[in-house]
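Q: one predicted model, sequence on top.
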Amino acid sequence: MKVFSGAQPSGKIHIGNYLSAIKKWVEFQKNNECIFSIVDLHAITVDYDFKNFPKLTNEVLAIYLACGLDPENSTIFLQSEIKEHSELAWLLSTITPLAELQRMTQFKDKSQKIKEKSGAVINAGLLNYPILMAADILLYQTDIVPVGQDQVQHVELARTIARKFNKKFGKTFKVPESFILKNGSKIMSLKNPDKKMSKSDNDPNSCVYLLDSENEIRKKIMSAVTDSGKEIKYNTKTKQGISNLLTIYSLFEEKSIKETESHFKNKSYKELKEELAKVLIKHLIPISKKVKELEKRDLYLKEVFEIGRKKAQKIAKATMETTKRKMGLSIN
């Protein structure tokens, strides 16, 4: 199967991004044709640090590699270096109803946040974000898209666009399927377990980032919100904070929730947090060290991007030629 996914270079990558996406990508690349992009064009639909953007882009690539993505087994590239992403997005926009874009939950949420900022303006790119995502997916004739729960709606739109295009112009695109983790598709904030863990959260203690130090990891976990009870039990309705910590522990240690509950039976919240902090330090510090090593190898990172660009370009060019021909835009 062909798998496509990506992440934005818009800030620090946290354990929610890792558990719901990157960790699964590493598994997918063993038996599938995998294409992973750093989707920088998506990142510029909101206010971003353009001066440090190249550095952030390299950091995400280094994290990909440090977590186990192999450029020999997977195609890893920078979205903006493949012009066909933007070109296909424009073509798909001509068959996408405006109402479909306006009903997108993420557009509504981000628009509301922008409205709350003085002088901020909602740009057209934010509205058209899902069309670009559809182009990302359809350009590579993708079978499977591993996504978090918040991105399922966007993949559904990609499926709708693919079917609509195929019906109007003839069979051109594969209709992709979402792949959602049964457990861990949504890691919650450490400070507000009713909300998803997010790098845009104003409280830095709400997330554990992949590049956090041992002290930062320990401090954030020990200060995580739990509840007023004492029993360590998984219940997302009455024990959101504890359930979130159990989920994180179970995914990093690759144990079931039942096994994790049993492990912490008759233990205190403090003991749960102390063990979880140790587990995160065990898994994340080696990643952090490797990222720092890779960031010093600037030429190697450029080489990985260039190899990935050539591989992605070949597929993208073939899809665009077929698409334009089907739409009557090619004279050949």
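A: It's in. None of the values given here were measured: they were computed from a predicted structure. Numbering: from 1, shown residues only.
Q: so which elements touch the host helix or strand of F77?
A: Secondary structure from DSSP states H and E places F77 in strand 74-78. Packing partners of strand 74-78 (3 or more CB pairs under 8 Å, 6 or more residues apart in numbering; DSSP states H and E): strand 33-38, helix 53-67, helix 298-326. No exception for glycine: its C-beta is placed from N, CA and C like everyone else's.
Q: would you mind finding the most buried of the ones you listed?
A: Stretch with highest mean neighbour count among the helices and strands packed on strand 74-78: strand 33-38 (a mean of 24; mean count of other CB atoms under 10 Å).
Q: just checking: what are the partner strands of that strand?
A: Taking DSSP bridges as the criterion, strand 33-38 sits next to strand 2-7 (parallel), strand 74-78 (parallel) in its sheet.
Q: got CSV for the ones you listed, with mean pLDDT, mean neighbour count and distance to N202 too?
A: Formatted as CSV, those follow (pLDDT from 0 to 100; neighbours: other CB atoms under 10 Å; distance: least, CB to CB, whole Å):
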stretch, mean pLDDT, mean neighbour count, distance to N202
strand 2-7, 94, 21, 21
strand 74-78, 97, 23, 29
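Q: please produce CSV containing those, extended by distance to A66.
A: Listed next are the strands paired with strand 33-38 as CSV, based on distance: least, CB to CB, whole Å:
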stretch, distance to A66
strand 2-7, 14
strand 74-78, 13
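Q: tell me where the stretch 51-200 of the chain has helices.
A: Across the stretch 51-200 of the chain, reading from the start of the chain, the helices by DSSP state H, counting those that start in this stretch fall at 53-67, 84-93, 98-102, 105-115, 124-139, 152-169.
Q: looking at the helices and strands packed on strand 74-78, which is nearest to L98?
A: Relative to L98, the nearest member of those by CB to CB is helix 298-326, separated by 21.6 Å.
Q: so for the closest one, mean pLDDT?
A: For helix 298-326, the per-residue pLDDT values average out at 97.
Q: and that helix, what does it pack onto?
A: With contacts defined as 3+ CB pairs under 8 Å, 6+ apart, the packing partners of helix 298-326 are strand 33-38, helix 53-67, strand 74-78, helix 84-93, helix 124-139, helix 269-295.
Q: out of those, nearest to I257?
A: For the helices and strands packed on helix 298-326, the distance to I257 is smallest for helix 269-295, at 13.3 Å, taking CB to CB.
Q: T57 is in contact with P9, correct?
A: Yes. Taking contact to mean CB atoms under 8 Å, the distance of 4.3 Å between P9 and T57 places them in contact.
Q: give the residues shared as contacts by these two.
A: Residues within reach of P9 and of T57 at once, by CB atoms under 8 Å, 6 or more residues apart in numbering, are I38, D40.
Q: about what we covered before: I38 is nearest to which of the strands paired with strand 33-38?
A: The closest approach between I38 and any of those, judged by CB to CB, belongs to strand 74-78 at 5.3 Å.
Q: run the angle between the closest one and helix 298-326 for me.
A: Computed with axes from the mean of the first three to the mean of the last three CA atoms, to 10 degrees, the direction of strand 74-78 lies at 90 degrees from that of helix 298-326.
Q: can you name the residues in contact with strand 74-78?
A: Outside strand 74-78, the residues touching it (CB under 8 Å, 6+ apart) are 25, 29, 34-38, 40, 57, 61, 64-65, 69, 304-305, 308-309, 311-312.
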